[in-house]
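Enquirer: Just need the structure, nothing else, for what follows:
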Amino acid sequence: MKRSSLLALLALSLLHCKSEPKTDKPAPAAPASTPATVASSAASASASASAPVVAKAEPRKGPRWLRKLPVDAVSASTELAKGGFYPGKRAFDGSRATTWIASPKPKSTDPEWLEAKLKQPKKIWGVRFDTGLVDFGAKDGDLFGENSHAKKVSILLDGKQVATRELGAERHGAFIELDGTEAKTVRIVFDEVHAGKGALAVTEAAILGDATDGPRKTSPS
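Expert: As a prediction, this is how the structure comes out:
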């Protein structure tokens, strides 16, 4: 075969190779989900759907810190004078060594009460008081049951009733939360009492206001 014929044949072979279409490689198939993966996903979806929605507790409306408000004057429905003097002001003197005791024979059938008067109107956020005689005797021990103690009380601010509470027979004290109404007088009315050997007694009581509402103490220079 002549040289020219060989060159022509080689050229035709090269042209045929260039004209062949290129084929793309197939894309790899996505891995199939295993039964364990499918079960886990279904369980997560089910748990999310059935999880209970817990409502957030409402924040306390009053101030975070309370303080005992200074009392300017105290009055009471009745006061025991026999065997010692137990005026109403002893319930607000800050000492558990003193006590207010009502008269064992009230002049009327109206409930006993204690009233504290402030120097100026303040927002009242709570009232705290002991109920009964908080003391111990060398002979009789705990004297709580010696005197009558609160069963049902009402709180009046400037003569308007704002709260009532009932107390069990073994309750030695109570804290009644209020809404911050501004007032100058706070009265604790003992509507009903758990009867004891003696008359109604209150060892200590306090009117509570906002700790930030008042004169600030200054450090000595």
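Enquirer: Who are the packing partners of the top strand by length along the chain?
Expert: Secondary structure of the chain read by DSSP state E shows that its longest strand is strand 173-194. In terms of contacts (3 or more Cβ pairs under 8 Å, 6 or more residues apart in numbering; DSSP states H and E), strand 173-194 is packed against strand 112-130, strand 149-157, strand 160-166, strand 205-210. Bear in mind the C-beta positions are built from the backbone N, C-alpha and C, glycine included.
Enquirer: Toward the C-terminus, what is the element adjacent to that strand?
Expert: For strand 173-194, the following helix or strand on the C-terminal side (DSSP states H and E) is strand 201-202.
Enquirer: Can you tell me what sits against that following strand?
Expert: Around strand 201-202, the neighbours that count as contacts under Cβ atoms under 8 Å, 6 or more residues apart in numbering are 86, 91, 99-102, 114, 129-133, 147-149, 188.
Enquirer: If we use 6 Å, what do you get?
Expert: 91, 99-101, 129-130, 132-133, 147 (Cβ atoms under 6 Å, 6 or more residues apart in numbering).
Enquirer: got a pLDDT number for residue 189?
Expert: Turning to residue 189, the model gives it a pLDDT of 97.
Enquirer: end-to-end on stretch 70-79?
Expert: 22 Å (Cα to Cα, to the nearest Å).
Enquirer: Flag every buried residue along it.
Expert: By 16 or more other Cβ atoms under 10 Å, the buried positions in stretch 70-79 come out as 71, 74, 76-79.
Enquirer: cool, and stretch 88-99?
Expert: Neighbour count says stretch 88-99 has 88-93, 99 buried, by 16+ other Cβ under 10 Å.
Enquirer: Can I get those in CSV including secondary structure and distance to residue 169?
Expert: Formatted as CSV, the buried residues of stretch 88-99 follow (DSSP: H, G, I helix; E, B strand; the rest coil; distance: Cβ to Cβ, whole Å):
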residue, secondary structure, distance to residue 169
88, helix, 24
89, helix, 28
90, helix, 24
91, helix, 21
92, helix, 25
93, coil, 27
99, coil, 20
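Enquirer: looking at the protein, which helix or strand is least sure?
Expert: strand 136-137 (a mean of 52; mean pLDDT, DSSP states H and E).
Enquirer: Low-confidence bits of the protein, can you list those?
Expert: Low-confidence segments of the chain, defined by pLDDT under 70: 1-60, 82-84, 107, 133-145, 214-221.
Enquirer: let's go with 90 and repeat that
Expert: Scanning the chain with the threshold set as pLDDT under 90 gives 1-64, 80-86, 95-99, 104-110, 130-149, 169-173, 195-199, 203, 211-221.
Enquirer: Please tell me how far residue 87 sits from residue 99.
Expert: Per Cβ to Cβ, to the nearest Å, residue 87 is found 10 Å from residue 99.
Enquirer: Then residue 191?
Expert: On the measure of Cβ to Cβ, residue 191 and residue 99 end up 21 Å apart.
Enquirer: Phi first, then psi, for the closest residue to residue 87 other than its chain neighbours.
Expert: Leaving aside its sequence neighbours, residue 87 sits nearest to residue 79 (Cβ to Cβ, 6 or more residues apart in numbering; 5.1 Å). The phi/psi pair for residue 79 (degrees, to the nearest 10) reads phi -140, psi 140.
Enquirer: check contacts around the nearest residue to residue 150 once chain neighbours are set aside.
Expert: In space, and not counting its chain neighbours, residue 150 is closest to residue 131: 3.9 Å by Cβ to Cβ, 6+ apart. Applying Cβ under 6 Å, 6+ apart to residue 131 gives the contacts 149-150, 173.
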